[in-house]
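Student: coords please:
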Amino acid sequence: MTQDQKTTSSLIVIAFAFIISIGSCSHMFKTPYIDPALKPAFDEWVNQCELRGIKYKRDIVNIDSILFAPLEEGYWGKCYGDKIVVNKNDISPIDQFTLKLVLFHELGHCAFGYPHFEWGEDIMNSVLPQEKIIVYQYFWGILEDQYFYRYLTKKERRKLQKRLEKQDCFCILDEDKLQVKESN
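Tutor: Coordinates of the predicted model:
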C-alpha cells in the first residue's frame with residue numbers, strides 16, 4: 001500500500017467515524033411530539049427562550065411528548081418527566097391563554113426543574129383558581145419575565161443541588177400539581 005492510499009484510507013475512516021458520531025448524537029436535540037392544540041403555546045415558549053438566549057433544547061431532550069389529553073380531576077396539567085399532559089377535560093382548546101399558562105407551568109417543572117413558587121401570583125403557583133386567570137392575563141408580561149429570570153442551566157442546577165445537600169436543607173424540587181380549585 002502506498003502512502004497516498006494509506007492517507008486516503010485514513011481520511012475515509014475518519015470521515016465515516018465523524019458521520020457515525022453525528023448520527024448517534026442527533027437524538028440529543030430532538031423536538032418532542034406536540035399536540036396541535038398546544039403547538040401555539042409551545043412555540044411561544046420556544047420564542048421566549050430564544051429571545052432570552054436560553055438554549056432550551058438541552059432542557060427538553062428527555063421530553064418525548066406534550067399531550068392535550070384527559071387527566072384525573074383536580075389537575076390542569078402534569079409533568080411526568082418524559083411527558084407533559086394538559087387536561088383537555090378542564091381546559092377548552094380555544095382558551096389559548098390558559099393553555100399557555102398551564103404549559104409554561106409544566107415546562108417549568110419538566111424542562112427547567114422549577115419547584116412550585118407560592119409567594120404571590122406566579123406561573124409556578126401550585127394552585128390556580130379559575131377566577132385568577134384574568135389577573136395572570138393582565139400581568140402576563142411581568143410573570144413571564146419572572147419565570148425566565150429564574151432560569152438556570154442544568155449544570156448550574158446540579159451545582160446548586162450539591163450545595164444545598166451539603167447544607168443539609170430540605171427542598172422540594174419536583175412538584176407537578178397545578179390545581180383547578182384552591183384546597184381547603
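Student: any idea how the protein splits into domains?
Tutor: The domain map for the chain lists 1-30, 32-179, with the assignment taken from automatic domain parsing.
Student: name the spans of this protein whose pLDDT lies under the cut-off.
Tutor: By pLDDT under 70, the weakly predicted segments of the chain are 1, 4-29, 168-184.
Student: ok, which stretches of it are strands?
Tutor: Using DSSP state E, the strands of the chain run over 33-34, 65-69, 75-79, 83-87, 178-179.
Student: the second one vs strand 83-87, what angle?
Tutor: Spelled out, that is strand 65-69. Between the axes of strand 65-69 and strand 83-87, defined by axes from the mean of the first three to the mean of the last three Cα atoms, to 10 degrees, the angle is 20 degrees.
Student: buried residues in strand 65-69?
Tutor: Judged by neighbour count using 16 or more other Cβ atoms under 10 Å, the buried positions of strand 65-69 are I66, L67, F68. For every residue, glycine as well, the C-beta is placed using N, CA and C.
Student: surely L152 meets Q161?
Tutor: No. Using Cβ atoms under 8 Å, L152 makes no contact with Q161, being 10.2 Å away.
Student: what count of nearby residues applies to L143?
Tutor: A count of neighbours around L143, defined by other Cβ atoms under 10 Å, yields 21.
Student: same deal with I123?
Tutor: Counted with other Cβ under 10 Å, I123 comes out at 23.
Student: ok, D122 next?
Tutor: Neighbour count for D122, taken as other Cβ under 10 Å: 19.
Student: with P93 instead?
Tutor: 13.
Student: ok, for it, nearest residue in space, not its chain neighbours?
Tutor: A37 (4.4 Å; Cβ to Cβ, 6 or more residues apart in numbering).
Student: so what's D59 closest to, chain neighbours aside?
Tutor: Once flanking residues are discounted, D59 sits nearest to A111: 4.0 Å by Cβ to Cβ, 6+ apart.
Student: that neighbour reaches K57, doesn't it?
Tutor: No. Taking contacts as Cβ under 8 Å, A111 lies outside contact range of K57: 9.8 Å.
Student: of those two, which one has the most company?
Tutor: In this view A111 and K57 are compared by other Cβ under 10 Å, and A111 has more residues nearby, 25 against 14.
Student: against A41, how distant is K155?
Tutor: Distance of K155 to A41, given as Cβ to Cβ, to the nearest Å: 27 Å.
Student: pick out whichever of those two has more residues nearby.
Tutor: The residue with more neighbours, out of K155 and A41, is A41; 23 against 9, by other Cβ under 10 Å.
Student: cheers, nothing more for now.
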